[in-house]
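J.: just a sequence and a predicted model for now, questions to come.
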Amino acid sequence: MNLIRPYYKIEFITPDALQLIEMAGRVCYKSEDKITPTSAEKFVAMVIKRGHHSVIEHASMTVRFICDRGVTHEIVRHRLFAFSQESTRYCNYKGGVTFVIPPWIPEIIPGAFVLTDVEMLQKNRAGDRWFRAMIEAEESYLSLLDRGWTPQQARTVLPNSLKTEIVCTANFREWRHVFELRCSSAAHPQMQEIMRPLLVEVKERIPIIFSDIEY
């Protein structure tokens, strides 16, 4: 059994995104003649301030999230995204199952563990109860594979904490919507755990698009 903390990777951002947005937006005003090498940031800031967010839909970002399946159940509710997710029907975890440690169990250290590690647990600690449940879930999954079940059959014993990967693509407007919802204190703690660092990074990369979003 492997235990990890969640993380993400920005796979792609539309090249020259601000210039693309400006070009498209100026068509509305037929003001293409005002485009200069430095005019894009000011134009994009103006359309965002005025609420003309449809213009920023011309640029997009693709992010790979490595998190637990409970989080992806929420992510896929954003219907304007394109999703490609690791499939438990076709992926065979006979080499060992990976689970994601919830942020409210700081005492558990990421790493590889075996069934005998359960003997070291304290029964009265909630974190250790979670650890035991993951060990037992892996044992059940591997046992079912050994008995002839296919991965799509054996997956029924795997919990929400199962590690998964999902590649998500959306335009900038939809990403703004996601950050406003998923970075707030009302969002699930595991969603905040991956979305807040991502927001911090995109603020550094494309401040004109995302700098006004706070949590």
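T.: Alright, I've got the coordinates.
J.: only C-alpha atoms from now on, for both contacts and neighbour counts.
T.: OK.
J.: and for stretch 54-74, what are the contacting residues?
T.: If you take CA atoms under 8 Å, 6 or more residues apart in numbering as the criterion, stretch 54-74 is touched by 5-14, 17, 20-21, 24-25, 44, 47, 99-100, 160-174, 190-191, 194.
J.: okay, which residue is most central for the chain?
T.: For the chain, the residue whose C-alpha lies nearest the mean C-alpha position (CA atoms, centre = their mean) is Phe65; its distance is 3.7 Å.
J.: go ahead and produce CSV holding the CA coordinates of the helix or strand that Ala24 is a member of.
T.: Element membership for Ala24, per DSSP states H and E: helix 17-29. Coordinates of each C-alpha in helix 17-29 appear next as CSV, following Å, rounded to 0.1, in the frame of the first residue of the first chain:
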residue,chain,number,x,y,z
ALA,A,17,-3.4,34.1,-24.0
LEU,A,18,-3.7,37.8,-23.3
GLN,A,19,-2.9,38.7,-26.9
LEU,A,20,-5.5,36.2,-28.1
ILE,A,21,-8.1,37.6,-25.8
GLU,A,22,-7.4,41.1,-26.9
MET,A,23,-7.5,40.3,-30.5
ALA,A,24,-10.9,38.6,-30.1
GLY,A,25,-12.3,41.2,-27.9
ARG,A,26,-11.4,44.1,-30.1
VAL,A,27,-13.4,42.6,-32.9
CYS,A,28,-16.5,43.7,-30.9
TYR,A,29,-15.4,47.3,-31.0
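J.: please enumerate the helices of the protein.
T.: 17-29, 40-49, 69-75, 126-146, 151-154, 172-182, 189-205, 207-210 (DSSP state H).
J.: and the gap between the residue nearest to Glu22 when sequence neighbours are not counted and Asn171?
T.: Spatial nearest neighbour of Glu22, excluding adjacent residues (CA to CA, 6 or more residues apart in numbering): Ala40 at 5.5 Å. Using CA to CA, to the nearest Å, Ala40 is found at 18 Å from Asn171.
J.: can you check the pLDDT for Lys42?
T.: At Lys42 the predicted local confidence, pLDDT, stands at 96.
J.: number of nearby residues for it?
T.: The criterion is other CA atoms under 10 Å. On that basis, Lys42 has 12 neighbouring residues.
J.: let me know the outermost residue of the protein.
T.: Most distant residue from the mean C-alpha position of the chain: Asp33, 39.8 Å away (CA atoms, centre = their mean).
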